[in-house]
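Peer 1: quick one: sequence plus predicted model below, questions after.
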Amino acid sequence: MSSSTAAPVNYDLFIGPLLVGVVANAVVFGICIMQLVEYIISKYKDSWKLVFLIWWVFAIDIFQVGNSVSMLWHYIVTNFANPEALASGPWEYASLPIFNAFATIPIQHFMAWRIMRFSGSKLLFAYISVLSLAQAALGATAASFGLKMTSIASHVKLIPLADAWLATSVACDMSITLLLLYYLNRSRTGFKRTDSIINRICRSTVEAAVPVSVLCLCDLIFLTLMPSTNLHYMFALPIGRLYTNTLLSTLNERETLRSSFQNNTPSHGLNLSALSSTKNRFSGQFSGMPSLRPPPMRINVEQDISMQTDGLELESQFSSPSTPIEKVSPRFLSLTMSEPSEQEHEKGQVLDEKRDIELGQSFDAER
């Protein structure tokens, strides 16, 4: 196609969205790196399957970010001032749904597993699994046809298939979010500390799910309404990185919740030290008499708390004399009081007898 017969190209709507999408993709990838560093520093003892999932999606992110930079380089560097190159798309342009599918399938199944842990329903797991596999299959099919079509103009024929892919993806993500919120709200116990933790989990779930759903909806809308532009690529490129951020933020939230639970544990327990420090009321009159103190009594309150946080085990143990006796979804709560020993009891009786004798002598002297 010669430049004289080529249709005019709007660089602002073709190259501009690609540039914005690549930059946004890189920014979100940087956030994912920070989340990964936090996960490594926390030294979680997760199963090898979960660790493999983390490194799998992170490897896909690295490859996809490199592909997006390569695609932008193809248009603005290699084919600088070459409008004819804008009519064709490199393989990086059409392969985006495939890499998104590789990342979204395991992450969405991980979220489905969390829902199954909360609800105990394998049917819900199967429902989300079907949606996840369907959106991945539709995206991979659209990408395979797009790789065979070298002309970007011919990609308009794939819009119905791409719309079905994005709509199924949105349905899957919204189902995961709504089901998590529903079962989290059902887990409320009525105790302030437990409910505050559940509120925090709900908030983090919404914060992680809303950006993914919003970008998928924007990608669907702009692809359907403005197919001759690349505006939808502004939203399509960072979607995969947002899935990774959702996974890592969910895992890292465990340490935050554990620290918050420990720091917010109030200390208003029983203080028996005042009883042992109380002076005898006769000490002012009889300074030479021994001070009597009640036998020592010790109270030790232990709470071994085990809670399911987003389907992941969150455990913490508190043991201190000042820990309150308050039920916060405890698995075990014991209160032990050590009675005075027999020797201490006999010593107390001897002191009482001596005190009575000295009181009698002092009263006789006053008379």
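Peer 2: Yes, it's here.
Peer 1: so what's the nearest residue to Ala94 once chain neighbours are set aside up against?
Peer 2: The shortest distance from Ala94 to any non-neighbouring residue, by C-beta to C-beta, 6 or more residues apart in numbering, is to Gly146 (3.3 Å). (Each C-beta comes from the backbone N, C-alpha and C, glycine too.) Shown in contact with Gly146 (C-beta atoms under 8 Å, 6 or more residues apart in numbering): 89, 93-95, 155, 158.
Peer 1: same check on Met71?
Peer 2: So Met71 contacts 18, 22, 90, 92-93 (C-beta under 8 Å, 6+ apart).
Peer 1: of those, just the buried ones, ChimeraX syntax please.
Peer 2: With 16 or more other C-beta atoms under 10 Å as the burial test, the buried ones among those are selected in ChimeraX as follows:
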select :18,22,90,92,93
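Peer 1: the stretch 51-200 of the chain: strands as residue ranges?
Peer 2: Counting by DSSP state E, counting those that start in this stretch, the stretch 51-200 of the chain has no strands to list.
Peer 1: need the longest helix for the protein.
Peer 2: helix 192-225 (DSSP state H).
Peer 1: let me see the mean pLDDT of that helix.
Peer 2: Averaging pLDDT along helix 192-225 yields 84.
Peer 1: buried stuff in stretch 58-77?
Peer 2: For stretch 58-77, by 16+ other C-beta under 10 Å, it's 58, 60-61, 64-65, 67-68, 71-72, 74-75.
Peer 1: now swap in stretch 82-90 and tell me
Peer 2: Result for stretch 82-90 [16+ other C-beta under 10 Å]: buried residues 86, 88-90.
Peer 1: nearest to Leu36 among these?
Peer 2: Pro90 (29.0 Å; C-beta to C-beta).
Peer 1: surely Ala26 touches Gly66?
Peer 2: No: between Ala26 and Gly66 there is no contact under C-beta atoms under 8 Å: 10.4 Å.
Peer 1: what pLDDT does the residue lying closest to Pro90 once chain neighbours are set aside get?
Peer 2: Nearest residue to Pro90, sequence neighbours excluded (C-beta to C-beta, 6+ apart): His74, at 5.1 Å. Predicted confidence (pLDDT) for His74: 88.
Peer 1: with Leu147 instead?
Peer 2: 85.
Peer 1: quick one: contacts for the closest residue to it other than its chain neighbours?
Peer 2: Spatial nearest neighbour of Leu147, chain neighbours left out: Ala94 (5.0 Å); criterion: C-beta to C-beta, 6+ apart. Neighbouring residues of Ala94 by C-beta under 8 Å, 6+ apart: 143, 146-147, 149, 155.
Peer 1: quick one: which of these is nearest to Lys49?
Peer 2: For the contacts of Ala94, the nearest to Lys49 is Ala143 (27.2 Å; C-beta to C-beta).
Peer 1: do I have it right that the closest one meets Ile98?
Peer 2: Yes: if you go by C-beta under 8 Å, Ala143 and Ile98 touch, sitting 4.6 Å apart.
Peer 1: who has more neighbours out of these two?
Peer 2: Ala143 (22 against 18; other C-beta atoms under 10 Å).
Peer 1: hmm, back to that, the residue nearest to Leu147 and Asp195: what is the separation?
Peer 2: Per C-beta to C-beta, to the nearest Å, Ala94 is found 48 Å from Asp195.
Peer 1: hang on, the earlier thing: show me what the helix or strand just after the longest helix of the chain is packed against.
Peer 2: Next along the chain after helix 192-225, taking DSSP states H and E as the criterion, comes helix 233-236. Applying 3 or more C-beta pairs under 8 Å, 6 or more residues apart in numbering; DSSP states H and E, one finds that helix 233-236 contacts helix 11-42, helix 192-225.
Peer 1: any stretches of the stretch 51-200 of the chain with poor pLDDT?
Peer 2: Along the stretch 51-200 of the chain, no part satisfies pLDDT under 70.
Peer 1: actually, the stretch 201-350 of the chain.
Peer 2: Using pLDDT under 70, the stretch 201-350 of the chain drops low at 260-350.
Peer 1: could you redo the last one with a cut-off of 50?
Peer 2: Residues of the stretch 201-350 of the chain meeting the criterion pLDDT under 50: 267-287, 291, 301-311, 313-341.
Peer 1: sort out which one of the contacts of Ala94 lies nearest Asn199 for me.
Peer 2: Ala143 (40.1 Å).
Peer 1: please name the residues that touch the residue nearest to Tyr127 when sequence neighbours are not counted.
Peer 2: Nearest residue to Tyr127 in three dimensions, chain neighbours excluded: Ser175, at 7.2 Å (C-beta to C-beta, 6+ apart). For Ser175, the contacting residues are 127-128, 131, by C-beta under 8 Å, 6+ apart.
Peer 1: cool, and Thr256?
Peer 2: Contacts of Thr256 by C-beta under 8 Å, 6+ apart: none found.
Peer 1: tell me which element it falls in.
Peer 2: Going by DSSP H and E, Thr256 is in helix 239-263.
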